[in-house]
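1. generate a structure from the sequence data that follows.
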Amino acid sequence: MTLHPSPLGATFSRRAALGLAAGTATAALAGCHSATDTGNDIQSKIESPPPEVNLSGFPLVTKPTTLDFMTGTPAATANDWNTVASWQQYQKQTDVTVNWGPIPVDSIAEKRNLALSSGDYPGAVYGGRFTALDAGKYGEQGVFVTWNDLIDKYMPNLKALMQKYPQQLAKGMTYPDGSIYGCPNLQDPDFTALKIKYKLWIRTDWLDKLGLKTPTTVDDLTAYLRAVKAAMPNGKSTVPYGEIYGGSGIVSSLAGAFGFGNLGATQTFLDLDPDGKLRFFPICDGYHDLLVYVHQLYAERLIAQDVFSVDTTKFASDASKGNYGGLITMGPETAYGEVGKNYQVVPALTGPNGAKSWNYVYARLTNPANFVLTDHTEHPVVTARWMDYFYSDEGTKLFFMGVEGTSYQETANGVEYLPKIASPGNGQTLNQALKPYVTYMGGGYPGIVKAAYFHGDENSAQAVAGAKILEPDCIDDAMPSLLFTTDEQSKLNDLATDIEKYASESRDRFISGDLKIDDGWDGYVAQLQKMGLDDYMAIQDAAYQRYAGQ
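-> A predicted model of the protein is given here:
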């Protein structure tokens, strides 16, 4: 696959969008309101930073500076982030104070949209939960500043990652106009347990009790579930298989066994056909065959009958009692307690036609715009340098672990939380104990996630061991969300709403038997075509061709 050249050195279109000089300002004004005095002022500060800005090392400035943000704050974090040890430490390092402008994440979308529409917004938005579409839209309008020059000149850590991972990161951040409109969350491509986050697990002790071996084929899995139903090892409460994902979990887990989903789980409807062409996989033969298979499991009551409307609290309670013979989770022990130790991961299974691949894999780039600069920024270079630290190893350690001696210690086994956090007691959870020290709980942050410093469920010993079993059969890389022009997205919106909703609802109906697959499949495909599937795919393919460099 041919890659586009790195966007880092290409600055002309970005400068035009910002009104770099009088010669380009007129053209930029036609399509981008940021080509104003404000836009020119921002670009001039990027070209020639004020003298109080240090261009390398710490502190970032020669005199104390305050940055104004709007911040989506998860409930699991402290109310005032400037009281948190990691941010207090970073303030000392940088001589930069952040006015966070905290807004609960439950209302961040509404609040940020109101602020942007009114024109009353700060210089940056941290954890704003912008979609890729949002970032592209506001970027094309000139509300969001392009990062290309900032990355190229002042962000060596992010720039190095983009050069190291051009496909996973650089291309997934770069919009069709060549601009980068935000700083991403990147999951370290070497962090296998995060890439293979969700896994299919079954009871090891029940396998032994039933005299069965670990399944290696889809038929073996069926045999295990049938044996569980027949023996009822946990009495009347026994359920052969259950999940909280409405059936999508088992479909994603078995996609590779039925020969589809090879672009990974981030792409919920798209993959590549055997000829390497983009396709809408919910109408392919392998998907049809998988739905037939999963429906049979459901019809035999091998799948929980409430799977489409499960109460997640009840599910967790039942799982902690050991009621499920099989389930989908990151790691059963961290999710469901002591009984979770009895589960083992199911390896990639061989399907009825010999296919074998683990495709339940997420893209390393989770969001290209978890941190954005607006055209109201007064300190573009300081803000860029402030953010870049969190793409370094030391910055990642500070963000996830806090301050050495205060919240973590260096040991022979690596970096570990102090006992007061790792085993807090008094009924406290790990996340509650972390509140005074770090703010990553709840997600939505920019930066890079590394295995050495991330202590979530995905990185538990059980989850890591399970990922290693799946890794040999795992697809090489999952594709991130595609990026569209404003015009493409405008056309795609209505098409996607109807097509994707219909495909998802039909999947559930086929599995439950509410829609008979033998009688209803052709009508299902025909209905998707009537909804404009060809137009939908033409837009998706144009975006894919840009991403793939074809």
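2. stretch 263-282 - what's its average pLDDT?
-> Averaged across stretch 263-282, pLDDT comes to 97.
3. now that stretch - C-alpha only, PDB.
-> Once non-C-alpha atoms are left out, stretch 263-282 reads as follows in PDB (Å, rounded to 0.1, in the frame of the first residue of the first chain):
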ATOM      1  CA  LEU A 263     -10.500  -3.500   8.600                       C
ATOM      2  CA  GLY A 264     -11.100  -4.000  12.300                       C
ATOM      3  CA  ALA A 265     -13.800  -3.100  14.800                       C
ATOM      4  CA  THR A 266     -13.600   0.700  14.400                       C
ATOM      5  CA  GLN A 267     -15.200   0.100  11.000                       C
ATOM      6  CA  THR A 268     -18.500  -1.300  11.900                       C
ATOM      7  CA  PHE A 269     -19.800  -1.700   8.400                       C
ATOM      8  CA  LEU A 270     -16.900  -1.600   6.000                       C
ATOM      9  CA  ASP A 271     -14.100  -4.100   5.100                       C
ATOM     10  CA  LEU A 272     -12.200  -5.200   2.000                       C
ATOM     11  CA  ASP A 273     -13.400  -7.900  -0.300                       C
ATOM     12  CA  PRO A 274     -11.100 -10.700  -1.600                       C
ATOM     13  CA  ASP A 275     -10.100  -8.400  -4.500                       C
ATOM     14  CA  GLY A 276      -9.100  -5.600  -2.000                       C
ATOM     15  CA  LYS A 277     -12.100  -3.400  -2.800                       C
ATOM     16  CA  LEU A 278     -14.000  -1.600  -0.200                       C
ATOM     17  CA  ARG A 279     -17.400  -3.200   0.600                       C
ATOM     18  CA  PHE A 280     -20.400  -2.900   2.800                       C
ATOM     19  CA  PHE A 281     -19.900  -6.200   4.600                       C
ATOM     20  CA  PRO A 282     -23.400  -6.600   6.100                       C
END
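4. just how off-centre is stretch 119-130 within its chain?
-> Distance of stretch 119-130 from the chain centroid (Cα atoms, centre = their mean, to the nearest Å) equals 20 Å.
5. who's in contact with that stretch?
-> Among residues not part of stretch 119-130, those counted as contacts by Cβ atoms under 8 Å, 6 or more residues apart in numbering are 67-73, 99-101, 105, 108-109, 112, 115, 138, 182, 367, 369-374, 376-379, 383, 444-446. C-betas here are computed from N, CA, C, even on glycine.
6. buried stuff in that stretch?
-> Residues of stretch 119-130 classed as buried by neighbour count (16 or more other Cβ atoms under 10 Å): 121, 122, 123, 124, 125, 126, 127, 128, 129, 130.
7. got a list of what residue 67 touches?
-> Residues near residue 67 by Cβ under 8 Å, 6+ apart: 96, 97, 98, 99, 123, 124, 379, 382, 383, 386.
8. switch to 10 Å and redo it
-> 60, 94, 96-100, 122-124, 126, 377-379, 382-383, 386 (Cβ atoms under 10 Å, 6 or more residues apart in numbering).
9. any of the residues you listed buried? List them.
-> 60, 94, 96, 98, 100, 122-124, 126, 377-379, 382-383, 386.
10. go through those residues and name the one nearest residue 509.
-> Within these, the smallest distance to residue 509 is 41.4 Å, found for residue 126 (Cβ to Cβ).
11. what bridges to the closest one?
-> Judged by DSSP bridges, the bridge partners of residue 126 are residue 71, residue 371.
12. so residue 240 sits against residue 226, correct?
-> Yes. Contact status for residue 240 versus residue 226: in contact at 7.7 Å, counting by Cβ atoms under 10 Å.
13. higher neighbour count, those two?
-> Remark: of residue 240 and residue 226, residue 240 carries more neighbours, 24 against 15, as counted by other Cβ atoms under 10 Å.
14. what are the phi and psi values for the more buried one?
-> Backbone torsions of residue 240, given as degrees, to the nearest 10, read phi -60, psi -50.
15. show the contacting residues for it.
-> 202, 206, 222, 224-230, 232, 297, 300-304, 324-326.
16. keep only those of those that are in strands.
-> Among those, the ones falling in strands (DSSP state E) are 202, 326.
17. buried only: go through the contacts of residue 240 for me.
-> Using 16+ other Cβ under 10 Å, the buried ones in these are 202, 206, 222, 224-225, 227-229, 297, 302-304, 324-326.
18. list the residues that contact residue 221.
-> Counting by Cβ under 10 Å, 6+ apart, residue 221 has contacts 200, 202, 214-215, 241, 250, 253-254, 257, 293, 297, 302, 326, 346, 349.
19. sorry, that was for residue 248
-> Contacts of residue 248 (Cβ under 10 Å, 6+ apart): 265, 268, 307, 328, 504, 507, 508.
20. cutoff 8 Å now
-> Shown in contact with residue 248 (Cβ under 8 Å, 6+ apart): residue 507.
21. sorry, back to before: so what sits against both of residue 240 and residue 226?
-> Counting by Cβ under 8 Å, 6+ apart, the shared contacts of residue 240 and residue 226 are residue 302.
22. can you give me the helices for the stretch 51-200 of the chain?
-> Under the criterion DSSP state H, counting those that start in this stretch, helices of the stretch 51-200 of the chain are mapped to 85-94, 105-118, 132-141, 148-154, 156-164, 171-173, 192-195.
23. ok, residues contacting the last one?
-> So that's helix 192-195. 187-189, 361-362, 364, 449, 451, 454, 458-459, 463-464, 466-468, 471, 474, 478.
24. buried subset of the residues you listed?
-> 187-189, 361-362, 364, 449, 451, 454, 458-459, 463-464, 466-467, 474, 478.
25. show me the shaky parts of the chain.
-> In the predicted model, the chain carries pLDDT under 70 at residues 1-39, 550.
26. most centrally placed residue in it?
-> Central residue of the chain (Cα atoms, centre = their mean): residue 366, 3.2 Å from the mean position.
27. just confirm that one contacts residue 187, I think it does.
-> Yes. Counting by Cβ atoms under 8 Å, residue 366 does reach residue 187; the two are 6.4 Å apart.
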